[in-house]
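1. sequence and predicted structure below; questions after.
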Amino acid sequence: MSDTNDANTASILERCKNEVIRLHVFFEEWFTGKISNTDDDLERSCSSFMHANFHFINPGGATDSLSSLMEKLRHAHGAYSSTKFIIEIKNVECLFVGTDDTYLVKYEEWQKSGDDYSNVTARVSTVLFQADGEEKLKW
């Protein structure tokens, strides 16, 4: 690969990594109740970054549409308000770069909760990002 291609791939990976982290920081703040449970906060920090055809496939294989996921998020606001809760993102990889500004990304999501963060769940997630004209990545 040329240095230009390597630099472009590194730039794409950094952009995708930043977006994965940005959204999960929102989730952390949402689930701990650090941000308010308003339509504006949910729209500004989450749903405005989702593609119209967004679908979430949970670890059990069930699929949620964007509207279904937003409803579930609404009800989960503050679920960890009485305990410690963090989300760590690790091992972000760009698996595929499409010619139409699409990027297939894989990452690990580690959720830790409890007074000593001893409750740990981890999963490998993938996302197909679509870049839009505003340089925003849509999930």
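-> Nice, thanks for sending it over.
2. and residue 25, how many residues sit next to it?
-> The number of residues packed near residue 25 is 15, by other CB atoms under 10 Å. (C-beta placed from N, C-alpha, C; glycine too.)
3. likewise residue 124?
-> Neighbours around residue 124, by other CB under 10 Å: 11.
4. need the pLDDT of it.
-> Listed pLDDT for residue 124 reads 96.
5. residue ranges with poor pLDDT in this protein?
-> Within the chain, the ranges that satisfy pLDDT under 70 run 1-5, 134.
6. select the longest helix from it.
-> The helix spanning the most residues in the chain, taking DSSP state H as the definition, is helix 3-32.
7. how far away from the center of its chain is that helix?
-> Its chain's average C-alpha position is 9 Å from that of helix 3-32, according to CA atoms, centre = their mean, to the nearest Å.
8. after that helix, which helix or strand is next? Please name it.
-> Heading C-terminal from helix 3-32, the first helix or strand you meet, by DSSP states H and E, is helix 39-45.
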